[in-house]
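Visitor: Got a predicted model here, sequence first, then my questions.
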Amino acid sequence: MTMPSQQPPPPPQNTVRKLVVEVVDARDLLPKDGQGSSSPYVIVDFDGQRKRTSTRCRELNPVWNEALEFIVSDPKNMDYEELEIEVFNDKRYGNGSGRKNHFLGRVKLYGSQFSKRGDEGLVYYQLEKKSVFSWIRGEIGLRIYYYDELVEEGPPENQPTPEEPSQNPPPDVVVEEGRVFEGHVEICHPVTENVAHYQQPQAGFVQESPPHVVHVNPDPLQFPPPDELVPPVAVEVRKMQSGPAERLRCLKRPNGDYSPREINTSKCSGESTKERINTYDLVEPMMYLFIKIVKARYLAPNESPYVKVMTSTHVKRSKPAMYRPGEPTDSPEWNQIFALCHNKNDAVNATLEITVWDTPSENFLGGICFDLSYVPVRDPPDSPLAPQWYSLESVDSDPNNRVCGDIQLAVWIGTQADDAFPEAWSSDAPYVAHTRSKVYQSPKLWYLRLTVIEAQDLHIAPNLPPLTTPEIRVKAQLGFQSVRTRRGSMNNHSSTFHWNEDLIFVAGEPFEDSLILLVEDRTNKEAILLGHVMVPVSSIEQRIDERHVASKWFGLECRGDCGRGNGPYCGRIHLKLCLEGGYHVLDEAAHVCSDFTPTAKQLWKPAIGILELGILGARGLLPMKTKNGGKGSTDAYCVAKYGKKWVRTRTITDSFDPRWNEQYTWQVYDPCTVLTVGVFDNWRMFADVSEEKPDYRIGKVRIRVSTLESNKVYTTSYPLLVLLRTGLKKMGEIQLAVRFACPIMIPDTCSVYGQPLLPRMHYLRPLGVAQQEALRGAATKMVAAWLARSEPPLGPEVVRYMLDADSHTWSMRKSKTNWFRIVAVLAWAVGLAKWLDNIRRWRNPVTTVLVHVLYLVLVWYPDLIVPTGFLYVVLIGVWYYRFRPKIPSGMDTRLSQAEAVDPDELDEEFDTIPSSKPPELIRMRYDRLRMLAARVQTVLGDFATQGERLQALVSWRDPRATKLFIGVCLAITLILYAVPAKMVAVALGFYYLRHPMFRHHMPSASLNFFRRLPSLSDRLM
C-alpha cells in the first residue's frame, strides 16, 4: 500500500472494502457418512463470489480457523447484501455411493450484522434447515468483519479477481443437492490449532486477545449523562513480514473473558503475617494513621478556630469550632477523627504536624509536632487510646504572636479494623455523608390479613331499575397499597351483603399507618361511597400460627365525618383482622432469596453458621462520569445484601482500581440462600439537598451459600457485567473473599436439607402466585422507602437492582433462556436415548454384547435391579467429583443468552410499561409474539393429541381400533399366564436389541397403530 503524496493537489485514491469471514469451528454436526460421523466443509457465498474451506475428515466438531476474503462491490448498499454460509458433508470420505454431498445446515446473514475490524467477536450461529424435511443440528462459529483498504487508481496487479480460476490444481466438480460447484478441494489432513493459519488472503488479521463473544457492537453506556466518557478500546497495529505477503497483527485489550477466576491476595508492602488481624483475616490490612482531635483549652482570643493536620503526603482541615452565645472562646471542642493512609517505609523520618488556626483572620494559635516512628500501634481488641493534653508551641519568633493553651488529642497507627475507622475522615474518601461505610437493617415486615365477611344496613339508592341487583364492593387501602373485593352477594333481597374474602397487605414496623376501608356502590358508572372506616394498624391483633382470631363489627362513617365518629349512622361492616407473623415476607425473587425466616422472631431456629465476606476491591472499572474538563472518573462503592442486613462500603473517589478491604459477617439460618454483592457509581455525593441524582449500577454478583465448602476461604475475581440496550458490557472486575464458617456435617446442618424451605404458614394457608408477586412488589417499595431514610441513604435504584425488582418483566431473551434450561435438564434423557439407540444399532458390538449379558443377569436376578441402579448413581457422583466447581460461580452469559442477543429484543426488554415506542414497532413486536404463541399453541395441541389418542384405546371412538387393542391385550394376557415372566422379558429385550440386519427402517406396527387413533382435533372450530 502506497502513502499519498504530500504535495498538493493529492492524487485521486480509491477505497476498496473487503469482507473477511473467519470460519473458526462447528459443534455437534449431524453424522451423514453412514459410519456415525461426517467430513464437513463450508461454502461461503457473498456478492457473487463463492469460496470454500478445506474438508475435515470424519469430525463432528471440526475446527477450520480459515479466513475467506471477499470484495464488497458496493459499500453503500452492503447492509442489504446477503451472506450465505452452507455446510456440507464430503461424500468422498464416506462409505456411501453417489456424488451427492449431504447438506449439514446453513446460516444466512445480512450486511447490517457485520462488524468493523476491531469490534468483531466470535459468534456461534445455529445451523438452519433448507426445507421442512431437512434434519439439521449443530452450530457454527464465525468471526465476520470488514475493513477499508486504500489503493491506487488501478487495482494491484497481483489482486486476484473472483472470475479467475484457481491455480495449478484442476477444479473438482462437486454436486451439492442439485447444484454444481467447481473449486479446489483440499486433501483431508489433521486439524491444527493454529489460529493464524489462513488459506487465501494476502493480508490477515490475528487477534491475540480472548475471543470477544458479544454479538452487538459495544457502545457507550446509556444510563449515565451524555457527557460521560467511555474510553475506546486501545488497538495497536504492528506490521509483520511473513514471506512475500504482509500480515497485520491487532493487539486488543482482553475483555472477552466473562468467567470468574481465582486470585491470590497479596499483603500490603512491608507487612508481615504477624500483623494480620484475626477479625479481618479475609482482607488485606490497610495501615492508617489515626488522629483524634478532642478539644483545646486556654487558647488565645479567637473567633472560630480549626485544626490543620499535615504529613508529608496529606493535609487535612477540621471543621471550625462554633461557640454558643455566652460561651467562653478559649475552650473549643471538635471531637473529630482523621484516618490518613500510612506506609511504614515512608514513616521512618516523617513527622506529623498539628496546628490550630483561627478563622477568618487565619491567625496562628499554636501547634505540635510528632515523630511518626514513635507513634504507638493499636490492634483490636485493645481498648481505645486515651487522649492526652499537649501544650501548644510557637514556631514564630515574632513576640507579638502570643501562643498559649493546650490541645487534647490521641495519635496511633491502626488498620481498617479499628473501631474509629467508620466515623473517621478518611484520606481515600472525602468526608461527605454519602461516602461513609454503613450497615443497614431492612424493616420488619408483616402480612396483614383482612377478611371482609359482610355488611349490614347500607344506605343504597332506592331508584334502581327493576330486577337490578346492587353491585357493592369494598375497597381497602394501606399506604400505597389498594385492593378491592369482588361483588357482594345478597340474601333474600335484604340489605345484608356477604363477601367472605381475604385481602392481604404488607405492613411494616413501626405501625404508623391506618387501614382504610371504603364501601362503594358501583351499580352505575360512577362509584358512590356508602361509608368508610379507619382502623389503626397498631391496634390489630398479631398471631404466629393458625389460631382463631375473633371477628369484629365496625361502624361505617359517612363522607363528611372525617374520622370523628359522631356523624349519622351509615351501616356496619363485619371484619376479621390479624397481623400474620408466621409467614416470611418475600422482598426478593424466590430463586435468589437470601432469607426464609418468618416475621415472628420466636419462630426462628438457631443459626447453623456464619457467612464472612471480604470486599477486597475492584479492577479495571470503566469511567462513569467526567470531571475537571472531560477527565473520566469513577467514584465506586459496594453494597452487599444477605437476609435483613445490608452493608455499604466507603466510596473511593476518582479511582478505576478502588481497594476497600472491608469485611462483614452474617448469621446463616439456611444454607440454600444467596448472597448478592453489587457495585455502584456514587452520584449523590455531588447532588445538592434539593436535587436527586441516582447512583448508577456497575454490576453485581450472586453467590449461593450452599455451593461453599465449610470453613474454606474462596478468593475470587468476578466480572462485573451489565446488559444495556446496546448489548452486554463488561464494566470491570470485583475481588471478593468468602468463607462459610460452619461445623462440618453436624446433625443440625444436615437436617436443614430435609425441612421445608418456607415457614409453616406458607403450606397451611398458601398464597397464590400472582398474589405473592404483587406482595413482593409492595415489600420492595417499603424496603426502598425505609433505606432511603437512612444517612447516608441507599437509593431506590440501588435497592431495586439488588432485589431484582424487575425479574418478572417480559423478555424474549429470558424466555429463550428458560427454554434452553429445560433442554439442558432433559439432555440426560436425550443422551440415554441416543446411547440405547447406538446399542440397538450395534455401533459398538462389544458394548452391545455386554449389555445383553447385563440384561440377562438383571432379568434372572430381579432383586439386583434397584441396588444396581443406586450403585450406578453413586458411581456417577464419584465420577463427576473430578469436575466439581473449584470456585463459586458468577453470572453465566451463555446461560443468560446475553452473548448473541438480538438488538431489537434487547430494546423490547428495556421498554417501559406502557410502551413508549411508536405504533409500528409495537405492532411488529406483537406480530412476532403471536408467531411465537402459535408455535407454543401447536406444541400444546400435539401434547393434547397424544393424550387423546391414549384415551381412544378403550373409549370406542374408533370401534375397529378398540377391538384390535382389546384382542391384543387378551392375547398378551394369555401368553403371560402361560409363559414365565423371565422368558418374556428376555424375548422382548433381545427383540429390541436385535441386529440392524433383522430390522427395517419403516415405523413399527404398534407406532403406526397409535398414530392412526382418533383425537378430538377434528372437532375444533
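Guide: That came through, no problem.
Visitor: L974 - how many residues pack around it?
Guide: When neighbours are counted by other CB atoms under 10 Å, L974 registers 10. Where C-beta positions appear, they are placed from N, C-alpha and C, glycine not excepted.
Visitor: do F990 as well
Guide: Neighbours around F990, by other CB under 10 Å: 12.
Visitor: quick one: which helix or strand includes it?
Guide: Using DSSP states H and E, F990 falls within helix 981-992.
Visitor: which stretches of the chain form helices?
Guide: For the chain, applying DSSP state H gives helices covering 747-752, 761-764, 769-787, 796-802, 812-825, 827-840, 845-860, 865-880, 903-909, 919-951, 959-978, 981-992, 1005-1011.
Visitor: So which other helices or strands are in contact with the shortest one?
Guide: When you say that, I think you mean helix 761-764. The criterion is 3 or more CB pairs under 8 Å, 6 or more residues apart in numbering; DSSP states H and E, and there are no helices or strands that helix 761-764 contacts.
Visitor: Please identify the buried residues of that helix?
Guide: M761, H762 (16 or more other CB atoms under 10 Å).
Visitor: Just the mean pLDDT for it, thanks.
Guide: What helix 761-764 shows for mean pLDDT is 92.
Visitor: Now find how far off-centre that helix is within its chain.
Guide: Taking CA atoms, centre = their mean, to the nearest Å, the mean C-alpha location of helix 761-764 is offset from the chain mean by 30 Å.
Visitor: again with the last one
Guide: Its chain's C-alpha centre and that of helix 1005-1011 lie 47 Å apart, by CA atoms, centre = their mean.
Visitor: which of the residues in it are buried?
Guide: F1009, F1010.
Visitor: which other residues reach that helix?
Guide: R949, A961, L964, F965, P1003 (CB atoms under 8 Å, 6 or more residues apart in numbering).
Visitor: What number of residues are in the vicinity of the first one?
Guide: Looking back up the chat, that one is R949. 20.
Visitor: hey, where'd the strands end up in the stretch 401-550 of the chain?
Guide: Here the stretch 401-550 of the chain has its strands, by DSSP state E, counting those that start in this stretch, at 406-414, 425-426, 438-441, 445-456, 472-478, 481-484, 489-490, 497-508, 514-521, 528-536, 542-543.
Visitor: List the strands paired with the last one, with their directions.
Guide: So the one you mean is strand 542-543. The strands that strand 542-543 pairs with in its sheet are strand 572-580 (parallel) (by DSSP bridges).
Visitor: now could you export just the CA positions of the partner strand as CSV?
Guide: The C-alpha coordinates for strand 572-580 follow below in CSV (Å, rounded to 0.1, in the frame of the first residue of the first chain):
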residue,chain,number,x,y,z
ARG,A,572,-71.8,-1.5,59.8
ILE,A,573,-69.3,-4.0,58.4
HIS,A,574,-68.1,-7.3,59.8
LEU,A,575,-64.3,-7.8,59.6
LYS,A,576,-61.6,-10.1,60.8
LEU,A,577,-58.1,-8.6,61.1
CYS,A,578,-54.8,-10.0,62.1
LEU,A,579,-51.1,-9.5,61.5
GLU,A,580,-49.5,-12.7,60.3
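Visitor: what's it in contact with?
Guide: Residues contacting strand 572-580 (CB under 8 Å, 6+ apart): 446-457, 474, 507, 515, 517, 519, 531, 533, 535, 537, 540-543, 549-556, 599, 761.
Visitor: thinking again about what came up before, report all helices and strands that the helix holding F990 contacts.
Guide: Helix 981-992 packs on helix 845-860, going by 3+ CB pairs under 8 Å, 6+ apart.
Visitor: Buried ones in the helix it packs on, by neighbour count?
Guide: Under the neighbour-count rule (16+ other CB under 10 Å), helix 845-860 has T848, V851, Y855, L858, V859 buried.
Visitor: List the residue ranges of the stretch 1-150 of the chain that fall below the pLDDT cut-off.
Guide: Applying pLDDT under 70 to the stretch 1-150 of the chain flags residues 1-13, 95-99, 132-133.
Visitor: rerun that using 50 as the cut-off
Guide: Within the stretch 1-150 of the chain, the stretches with pLDDT under 50 are 1-12.
Visitor: Tell me which of the contacts of helix 1005-1011 has the lowest pLDDT.
Guide: Scoring these by pLDDT puts P1003 last, at 84.
Visitor: Which residue comes closest to M782 once chain neighbours are left out?
Guide: Distances taken as CB to CB, 6 or more residues apart in numbering place G508 nearest to M782, at 5.0 Å, with adjacent residues excluded.
Visitor: so that neighbour touches A784, yeah?
Guide: No: look at G508 against A784 with CB atoms under 8 Å: they stay out of range, at 11.5 Å.
Visitor: that older thread, quick one, which of the strands of the stretch 401-550 of the chain is nearest to P867?
Guide: strand 445-456 (47.7 Å; CB to CB).
Visitor: Run me through the strand neighbours of the closest one, direction for each.
Guide: Strand 445-456 has the following sheet partners, assigned by DSSP bridges: strand 497-508 (antiparallel), strand 572-580 (antiparallel).
Visitor: what angle sits between the last one and strand 528-536?
Guide: Going by axes from the mean of the first three to the mean of the last three CA atoms, to 10 degrees, strand 572-580 is angled at 40 degrees with respect to strand 528-536.
Visitor: filter the contacts of strand 572-580 to the buried ones?
Guide: 446-452, 454-455, 474, 507, 515, 517, 519, 531, 533, 535, 537, 540, 543, 549, 554, 556, 599, 761.
Visitor: rewinding a little: tell me which residues touch the residue nearest to M782, please.
Guide: So G508 contacts P443, K444, L445, W446, M782, W786 (CB under 8 Å, 6+ apart).
Visitor: wouldn't the fourth one be in contact with I504 here?
Guide: Read that as W446. No: in this structure, W446 is not within contact of I504 by CB under 8 Å, at 10.6 Å.
Visitor: Identify the contacts common to those two.
Guide: Shared contacts of W446 and I504 (CB under 8 Å, 6+ apart): none.
Visitor: returning to what we had before: most tightly surrounded among the helices of the chain?
Guide: Sort the helices of the chain by mean neighbour count, taking mean count of other CB atoms under 10 Å, and helix 796-802 sits at the top with a mean of 21.
Visitor: before we move on, the earlier item: with pLDDT as added columns, please give the contacts of G508 in CSV.
Guide: Below are the contacts of G508 laid out as CSV (pLDDT from 0 to 100):
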residue, pLDDT
P443, 93
K444, 94
L445, 95
W446, 95
M782, 95
W786, 94
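Visitor: Closest one of the residues you listed to P719?
Guide: Nearest member of the contacts of G508 to P719, counting by CB to CB, is W786, at 31.5 Å.
Visitor: which residues touch Q441?
Guide: Q441 is in contact with K644, K645, W646, counting by CB under 8 Å, 6+ apart.
Visitor: Redo the contacts of G508 as TSV? Include distance to P623.
Guide: Shown next, in TSV, are those (distance: CB to CB, whole Å):
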residue	distance to P623
P443	36
K444	40
L445	39
W446	44
M782	35
W786	32
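Visitor: which one of those is nearest Y110?
Guide: Y110 lies nearest to M782 out of these, by CB to CB, at 48.7 Å.
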